[in-house]
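build me a model:
(2 chains)
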Amino acid sequence: MSITVVYTIVTLAVIGATAAVILYFVAQKFKVVEDPRIDDVEGSLPGANCGGCGFAGCRAFAEACVKASDLGDLNCPVGGNDTMGQVATILGLEAVAKDPRVAFIRCNGTCDHRPKTSQFDGATTCAIASSVYSGESDCQFGCLGYGDCYDACEFDAIDLRAGMGVPLVLDDKCVACGACVDACPKDLIELRKRMPKDRKVVVACRNMDKGAVAKKACSVACIGCSKCFKECPFDAITMENNLAFIDSDKCKLCRKCVPVCPTNAIIELNFPPRKVKPEVEVETNS
Amino acid sequence: MLKTFKIGGVHPPENKLSKDRKIEVLSIPSAVFIPVAQHIGAPSTPVVKKGDKVKVGQVIAQSSSFVSTNIHSSVSGTVKKVDFSADSSGYPKQGIFIDVEGDEWMEDIDRSETLVKDISVDGAEIVKKIQECGIVGLGGATFPTHVKLVPPKGMKAEVLLINGVECEPYLTSDHRLMLEKADEILVGIQLLMKAMNVDKAVIGIENNKPDAIQLLSEKCKSVAGVSVVALKVQYPQGGEKQLINAVTGREVPSGALPIAVGAVVSNVGTAFAVYEAIQKNKPLFERVVTVTGKGVSKPSNFLVRVGTATSELVAAAGGLPENTGKIISGGPMMGRAISSLDIPVTKGTSGILLMKEEESKREEIIACIRCSRCVSVCPMGLEPYLLMTLGEKQIYDRAESERVMDCIECGSCSYTCPSNRPLLDYIRFGKGKVGQIIRSRKK
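The predicted model follows:
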């Protein structure tokens, strides 16, 4: 019996050794040389795999960073300038500071502003609803409210606001990955520059119809009157297709455009309440 | 045993409420809106401008490519504007607004009722005339007829199938047309046969129209090569591929056109339009539209000028019932719900269906129970439950390999689903996306 045991051990040992030698040479032959910095860069990224950088996940972004000669075109919107600073240190490159951004849904057509004129009873996704018809209100540009953006957001940054008809982006959670921008079939969501204290002055409308049509469909529609355009001292407002647009990179938050808007299509957010000018009493000698 | 197509199919309640109502000529409206895209293919280009005087039958939009047709004015009057207005999808589409003044027809249109049987016209001439007169498939798909009549190189048509099936519940416009214009339709069929150079034509009619079957069979005896086939009532028998299968037993291969099996399918309405175009020189600017619904006081079949607002038809049929929940342009299975009564009748409008509130609601959607009823009713042999999931999860490459492009959007799957799942919604969406991907690949 003992001889059998010996043979077995010897045979297995020989097979094992031979396989080890073969594997050693094969491993040498087919070795994949990978830059160790890729792992370092990936480690410094948030690991959200959201695709907000435009790459297929954090690893792909890390590979792109290592290959790149400068970081000007690359940005991790989730990590922001801190993360990009770390990436730059690892790679010995210069970090390019970028303005943080935040998503904003450019429609204020909630149920009380925009009366429903029809009812949709198909599959409740924005993509399908917009592929069959223009929407439940007379505004063909407005939010459908089925929440494709909500489904796309991996950061719980969108509040569906059930019953309101239009979702809301939660500024503190939004990382500007842009998933909602791609998901919105009406192209309502814009990544705007994040201002101090998340203050915003925005035209919350995408209606490109003529003024009368737009106003009839929604009480807070932009009617393209150009009053804000004339008022803006910083050339931040452009007019196109009966619609005003405030460029967040140029806007200085002076809020002069807000009171001139006849339909309240321009909204200001996160500002302290405006001081009401004390009315000067005119003394009359009577 | 009656013939029908081999796979799938459903039999919804027929509800042909207006089948005994004679076709009435609807009075001319005071204004019309004629969209320039009333057919599959490139939209036509408007050739009139604001202030122009037009006559009935005058070309107001010219075809812009081979797969496109001319659009003719359906009324006489002044062009108010060429502008955009919402179509049945609610999105604005270009069209021509005309204010009606009188009813002055183009001089070369023969308005008499006499039957012209002489078909000595040359085949190529017929095709040309069909193209000029803006004739499209009136079954609902509105594919330009002249394109069908010219087979691609290397293919030869053997048989002309005439679709008198009208498998959609409620609709009766084709049925009435067959009863009242049988002679004209037969002449139209002969003209189509001549244009295609075939010597055989078969009219397929479902067995729920025995009067039409009897009448046309009688008349066909004197016409060489034309016969009538009675078919078992089964939806969607009016689908091109289903009709070919039912009548000839042949199966159109996946992705191929009917001409691949030597068949060309035309609707009875199209045959009638062809008759009018060739023999009477009358372009396609009016059609028979069924206005129906369980709440409608007077379900009717109207001969309507293209561009007439839906509201006019509804008013003529006794007004909008109080508890209307949904207005559908077309039949209940394949029609589209419309969101406004201002939407005009186009060449493809076969019916206006007013559904009661309680009929129009979708039931609550619950989970798929894997009963595979959708698979057994799919007339194209697809797996709707799978295609729905693929559309929902946006797995378009797999949807393509599962042949989503073969779907004819008949809605049998959604109709039959015991869990009320919106199968067709997702499949149609996925089909649209896959179509986009295929087109971008070709570029």
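
buried set for stretch A:49-60?
Of the residues in stretch A:49-60, A:N49, A:C50, A:G51, A:G52, A:C53, A:F55, A:C58, A:R59 count as buried by neighbour count, 16 or more other Cβ atoms under 10 Å in any protein chain shown. All C-beta spots, glycine's among them, are computed from the backbone N, C-alpha and C.

setting aside sequence neighbours, what's the nearest residue to residue 205?
No chain was given, so I picked chain A. A:C222 (4.0 Å; Cβ to Cβ, 6 or more residues apart in numbering or on different chains).

meant chain B actually
B:G164 is the one closest to B:I205 (Cβ to Cβ, 6+ apart), at 4.3 Å.

for the residue nearest to A:C205, grab the count of nearby residues.
Neighbour count for A:C222, taken as other Cβ atoms under 10 Å in any protein chain shown: 30.

distance of it from A:D70?
Here A:C222 is placed at a distance of 40 Å from A:D70 (Cβ to Cβ, to the nearest Å).

so which helix or strand takes in residue 212?
Picked chain A for this. Per DSSP states H and E, A:A212 falls inside helix A:211-217.

um, chain B though
Going by DSSP H and E, B:A212 is part of helix B:210-220.

same check, this time on B:A271
Per DSSP H and E: helix B:268-280 holds B:A271.

contact partners for residue 271?
You didn't say which chain, so I picked chain A. A:R199, A:R255 (Cβ atoms under 8 Å, 6 or more residues apart in numbering or on different chains).

actually chain B
Contact analysis of B:A271 by Cβ under 8 Å, 6+ apart lists B:I162, B:I185, B:G188, B:I189, B:L192.

and A:P262, how many neighbours?
The number of residues packed near A:P262 is 12, by other Cβ under 10 Å.

hmm, it is touching A:K227, no?
Yes. Using Cβ atoms under 8 Å, A:P262 is in contact with A:K227, at 6.9 Å.

what ranges do the strands span in the stretch 301-443 of chain B?
Listed in chain order, the strands of the stretch 301-443 of chain B (DSSP state E, counting those that start in this stretch) span B:324-329, B:336-337, B:351-356.

residue ranges with poor pLDDT in the stretch 1-150 of chain B?
For the stretch 1-150 of chain B, no stretch is flagged by pLDDT under 70.

at 80 what do you get?
B:1, B:87-90, B:140 (pLDDT under 80).

how near is the closest residue to chain B within the stretch 1-150 of chain A to B:V226?
In the stretch 1-150 of chain A, the residue found nearest to chain B is A:S134; the distance is 3.1 Å by Cβ to the nearest Cβ. Going from A:S134 to B:V226 by Cβ to Cβ gives 45 Å.

enumerate the residues of chain B near chain A.
Counting by Cβ under 8 Å from any Cβ of the partner chain, the positions of chain B adjacent to chain A are B:86, B:88-92, B:336-337, B:339-340, B:360-362, B:422, B:425-426, B:428-429, B:432.

dump the buried residues of stretch A:49-60 to a markdown table, plus distance to B:C368, secondary structure and pLDDT.
Output for the buried residues of stretch A:49-60, formatted as a markdown table (distance: Cβ to Cβ, whole Å; DSSP: H, G, I helix; E, B strand; the rest coil; pLDDT from 0 to 100):
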| residue | distance to B:C368 | secondary structure | pLDDT |
| --- | --- | --- | --- |
| A:N49 | 30 | coil | 87 |
| A:C50 | 30 | coil | 85 |
| A:G51 | 30 | coil | 85 |
| A:G52 | 34 | coil | 85 |
| A:C53 | 37 | coil | 86 |
| A:F55 | 35 | coil | 90 |
| A:C58 | 35 | helix | 90 |
| A:R59 | 35 | helix | 91 |
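
all the helices of the stretch 101-250 of chain B, residue numbers only.
Taking DSSP state H, counting those that start in this stretch as the test, the helices found in the stretch 101-250 of chain B are B:123-132, B:145-149, B:173-180, B:182-196, B:210-220, B:240-248.
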